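Novice: structure of the sequence below:
(one chain, ligands or ions: 1)
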Amino acid sequence: MSAIYISGGKPLNGSVRVQGAKNSVLPILAATILSGEPCVIRNCPNLLDVGTSVRILQHLGCKAAYKDGVVTVDTAGMNRYDVPEDLMREMRSSVVFLGAILSRTGEAVMSYPGGCDLGSRPIDLHISSLKQMGADIREEGGFLICKAHRFTGCDICLPIPSVGATENIMLAAALARGTTRIFNAAHEPEIGDLQAFLNAMGGKVSGAGSSTVVIEGVRRLNGTEHQVIPDRIAAATLLTAVASAGGEIELTKARPDDLAILLSVLNEAGCTIQTDGTVIHAKRDGQLKPMGRVQTMPHPGFPTDAQALLMAVACRAEGVTVFCETIFDGRYRHVGELLRMGADIQVVERVAVVKGVKRLTGARVCSTDLRGGAALAVAALAAEGETALSGLNHIDRGYERFEENLASLGADIKRK
Ligand code: EPZ
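Specialist: Take a look at the predicted model:
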């Protein structure tokens, strides 16, 4: 079983380009189904999850290929409407194919999706929303058997601003009869990227980034080219890495506005952060300070995807940081692994109290999920001795050139 070996204590210095956003690419690849014409998607990271999406498209009869950061898709030959169970299990966002497949073919068959185990992750809002738009969805033996002649636009009020449900509705609504309005829609930047892609295809979508997204259904969508936005959580990973290890780094091709709250928390932790257009400079040379209370919230609040990463930094701050995870009910699985490295963390339900310790020590640890795994690497960069981090399939689902990027900044990190 391969592992990443990290010998901590080396400050990070240098410049890295931020990869394209995984969580944008996946719904955008699903959206290509809505047009029967070729699409070219640029700035796609080379990740297991992108590979899984390409395989879903190929299974459906589409031509899809990844090369050098570009996915080319031609969905003209699409001749199936089912997604195989093994591909559904590989990633949670396979469920966003539901709205798109139904819209294109009028039928879809798929099982419940897999993905990171962050506690219960129901898809009830996806299903109830598509039903409101006219879909007939039955559950049989763990499979969803779905039919929708042509979706009808309507008003949908989400009880939670779910990212995936907002995307699924947008995909279903783009070619629907009439207008769909999503109230309490997710505000995440990836919703804006999906809106930009649908509009480049000839769609009529507005409001992304606000609580109400409006989709006027159109008769057809054309093929197009699109550049995916930078990955704010990959950027957050590098920023927490330098906060943990110390040093001075520069991130290029970033979108600092998407990271506003993280940048302000890192500033509170004692990092010096400067932004200049698409460049972020981050420096940490003094002692880390505690960050008070960090509560995860839907965007623009503190992202749940950066909770574990920041916790790895808080482990060595001079004082107590309190985390409150409000989005997922099982997103503290990395805590047990951080404890192996000498961290002092107490968890009571959704609250984790982190008392900074003087030193962390290298240990054998295992990734529990994508961001939890990256957080262990962030902690290991500051630990004394060697950490062996296994469970790399999680990291490979979401990070391109994970250890190469950190090594280029001076980390002592190798995959064996
Ligand atoms: C997206 O997941 C991201 N994944 C996640 O990133 C991210 O953590 C999450 O949004 C929150 O920002 C992708 O974009 C592929 P949600 P998603 O629907 O869409 C509940 C990463 O590390 N809910 O906004 O699955 C749900 O249980 C990944 O890159 C329902 O109850 O998240 C959760 O408590 C991990 N019913 C809350 O809503 C539903 O039908 C938010 O989930 C749907 C969601």
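Novice: close to the ligand: what parts of the chain are there?
Specialist: The interface of the chain toward the ligand, taken as CB under 6 Å from any ligand atom, is made up of 23, 26, 92-93, 116, 121-126, 160, 162-165, 186, 233, 304-305, 327-328, 370-371, 398. (Glycine included, C-beta is placed from N, CA and C.)
Novice: quick check: PyMOL command selecting the buried ones in the residues you listed.
Specialist: A single PyMOL command selects the buried members of those (16 or more other CB atoms under 10 Å):
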select buried, resi 23+26+92+93+116+121+123+125+126+162+163+164+165+186+233+304+305+327+328+370+371+398
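Novice: from the residues of the chain next to the ligand, which land in helices?
Specialist: In helices, judged by DSSP state H, the following of those are found: Asn23, Leu26, Asp124, Leu125, His126, Val163, Gly164, Ala165, Ile233, Leu370, Arg371, Gly398.
Novice: let's have those residues in TSV, adding pLDDT and distance to Val265.
Specialist: Shown next, in TSV, are these (pLDDT from 0 to 100; distance: CB to CB, whole Å):
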residue	pLDDT	distance to Val265
Asn23	96	21
Leu26	95	27
Asp124	92	32
Leu125	96	29
His126	96	31
Val163	97	21
Gly164	96	26
Ala165	97	28
Ile233	98	14
Leu370	95	21
Arg371	97	16
Gly398	94	21
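Novice: CA atoms of the helix or strand of the chain with the lowest mean pLDDT as CSV?
Specialist: The helix or strand of the chain with the poorest confidence is helix 85-90; it has a mean of 87 (mean pLDDT, DSSP states H and E). The C-alpha coordinates for helix 85-90 follow below in CSV (Å, rounded to 0.1, in the frame of the first residue of the first chain):
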residue,chain,number,x,y,z
GLU,A,85,-23.2,1.4,-9.6
ASP,A,86,-19.4,1.3,-9.3
LEU,A,87,-19.1,4.8,-10.8
MET,A,88,-21.9,6.1,-8.6
ARG,A,89,-20.1,4.8,-5.5
GLU,A,90,-16.9,6.5,-6.4
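Novice: what sits up against the following helix or strand past it?
Specialist: With elements assigned by DSSP states H and E, the helix or strand that comes after helix 85-90 is helix 97-105. Contact with helix 97-105 is made by 30-31, 33-34, 56, 60, 75, 78, 81, 83, 107-108, 110, 126, 130, 135, 144, 146-148, 151, 167-172, 174-176, as judged by CB atoms under 8 Å, 6 or more residues apart in numbering.
Novice: quick check: pLDDT value at Gly114.
Specialist: Gly114 is assigned 65 on the pLDDT scale.
Novice: I misspoke; the intended subject was Pro122.
Specialist: 85.
Novice: low-confidence regions, this protein specifically.
Specialist: 114-120 (pLDDT under 70).
Novice: try 80 this time
Specialist: The chain contains residues with pLDDT under 80 at 1, 92, 113-121.
Novice: what segments of it are helices?
Specialist: Applying DSSP H to the chain gives helices spanning 22-31, 48-59, 85-90, 97-105, 124-132, 163-173, 189-200, 232-245, 260-268, 307-314, 334-340, 370-380, 392-398, 402-408.
Novice: pipe the ones you listed into CSV and attach distance to Lys283 per row.
Specialist: CSV is the format used below for the helices of the chain (distance: least, CB to CB, whole Å):
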stretch, distance to Lys283
helix 22-31, 27
helix 48-59, 32
helix 85-90, 38
helix 97-105, 42
helix 124-132, 42
helix 163-173, 32
helix 189-200, 25
helix 232-245, 7
helix 260-268, 10
helix 307-314, 14
helix 334-340, 24
helix 370-380, 16
helix 392-398, 26
helix 402-408, 17
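Novice: out of those, flag the one nearest Arg364.
Specialist: Nearest of those to Arg364, taken as CB to CB: helix 334-340 at 7.6 Å.
Novice: off-centre distance for that closest one?
Specialist: 22 Å (CA atoms, centre = their mean, to the nearest Å).
Novice: now do stretch 77-92
Specialist: Per CA atoms, centre = their mean, the centroid offset for stretch 77-92 relative to its chain is 20 Å.
Novice: buried set for that stretch?
Specialist: By neighbour count with 16+ other CB under 10 Å, stretch 77-92 contains the buried residues Met78, Tyr81, Asp82, Val83, Pro84, Leu87, Met88, Glu90, Met91, Arg92.
Novice: and what of stretch 135-142?
Specialist: For stretch 135-142, a neighbour-count test (16+ other CB under 10 Å) marks Ala135, Ile137 as buried.
Novice: what's in contact with it?
Specialist: 102, 111-112, 127, 130-131, 144-148, 151, 172.
Novice: which one of those residues is nearest Asp412?
Specialist: Using CB to CB, the contacts of stretch 135-142 come closest to Asp412 at Tyr112, 41.2 Å.
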